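**Q** prediction below, plus the sequence it came from.
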Amino acid sequence: MPPYLYSFLFMILTACGSKAEQVTAEVSEGITETEVLVNPVGKTIAERFSPPNGYSRVMQSQNSYGAYLQHFKLKPHGAQVHYYNGEVKTNDGIYDAVLAIDVGNRDLQQCADAVMRLRAEYLYGQEQYDAIHFNFTSGFRADYSKWQQGYRVIVKGNNCSWVKKAAPSTAYASFKEYLQVVFAYAGTLSLEKEMKAVSMDDLQVGDVFIKGGSPGHAVIVMDVAVQEQTGEKLFLLAQSYMPAQEIHILKNPTNPGISPWYSTNFKGPLITPEWTFQKSHLKRF
């Protein structure tokens, strides 16, 4: 099979699912916070979204992945989500903010890809090059440390191999090319297998709700707040979807009073605007 057909096949098999997969559930009971939790002039997630009364943001260690996500820059309040081709995504109760990071001009950076992008960007910024690696759906491990040495991935049918084709480089443009290859051959199926399961009680910034498959989907925890007396946690979620689109902060459709925050005390499935997850879907790098 030609490499481009192989790429297309894996993109289909690992793509995010459709909104039709979403199931209905009763609106969660509990918090009915009505105060304004959104600061329109806030330029980062921590500045834009305040926890409800009685909850405190869980501050992250300096230079940690959690801090990177918690203080991620946002586009101005009211910004619209754009698809990779420049078209606008209708905001039918889906998102509250848009992350200030590009989506590219190809239909590649979908759900799992957005999760990998954020993780890789953080590690790249910290110059932790050896820690940047993702598995293709075929099982092939794509290490950025190999890519930066000038090696490139050659795909022949179900087989992948490294071939030296370029001079060593850690230039950002080359790093982005590496990610494009990862996005083409990895997805929810492969990423789910790479991550380890964690319990809701231990939920942290950077954790991911992920359901691998065809269809499948993934959303990432961008911030966490806690009620000290009860231990209940609230969290913010971000996603990309299909077609490839800018990463955005999700609204909470089942508890608008605390939206865009979600509570770990949800009963049954976790309902997000375009997908439904189970507690068992929570994973961590």
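**A** Structure received.

**Q** give me the neighbour count for residue 117.
**A** Using other C-beta atoms under 10 Å, residue 117 has 23 other residues around it. Placement of C-beta: from N, CA and C, glycine included.

**Q** kindly report the same for residue 102.
**A** Neighbours of residue 102 under the rule other C-beta under 10 Å: 13.

**Q** which residues does it contact?
**A** By C-beta atoms under 8 Å, 6 or more residues apart in numbering, residue 102 lies in contact with residue 246.

**Q** ok, it to residue 84 distance?
**A** Using C-beta to C-beta, to the nearest Å, we find residue 102 at a distance of 9 Å from residue 84.

**Q** what's the residue nearest to residue 77 when sequence neighbours are not counted sitting at in phi/psi?
**A** Of all residues not flanking residue 77 in the chain, residue 40 sits nearest, at 4.0 Å (C-beta to C-beta, 6 or more residues apart in numbering). Taking degrees, to the nearest 10, you get phi -60, psi -30 for the backbone angles of residue 40.

**Q** give the contact list for residue 40.
**A** Counted by C-beta under 8 Å, 6+ apart, residue 40 has contacts 48, 77-78.

**Q** buried ones among the residues you listed?
**A** Buried by 16 or more other C-beta atoms under 10 Å: residue 48, out of the contacts of residue 40.

**Q** mind listing which of the contacts of residue 40 are in strands?
**A** Of the contacts of residue 40, none are assigned to strands by DSSP state E.

**Q** nearest to residue 282 among the contacts of residue 40?
**A** The closest of these to residue 282 turns out to be residue 48 (C-beta to C-beta; 24.1 Å).

**Q** which intervals of this protein have sub-threshold pLDDT?
**A** For the chain, applying pLDDT under 70 flags the ranges 1-36.

**Q** and the strand ranked longest in it, which residues are buried?
**A** Taking DSSP E as the criterion, the chain has its longest strand at strand 217-226. Applying a neighbour-count criterion of 16+ other C-beta under 10 Å, one finds 217-226 buried in strand 217-226.

**Q** Serialize the residues you listed to a markdown table and add fields for distance to residue 142.
**A** What follows is the buried residues of strand 217-226, written out as a markdown table (distance: C-beta to C-beta, whole Å):
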| residue | distance to residue 142 |
| --- | --- |
| 217 | 22 |
| 218 | 18 |
| 219 | 23 |
| 220 | 20 |
| 221 | 25 |
| 222 | 25 |
| 223 | 29 |
| 224 | 30 |
| 225 | 35 |
| 226 | 36 |
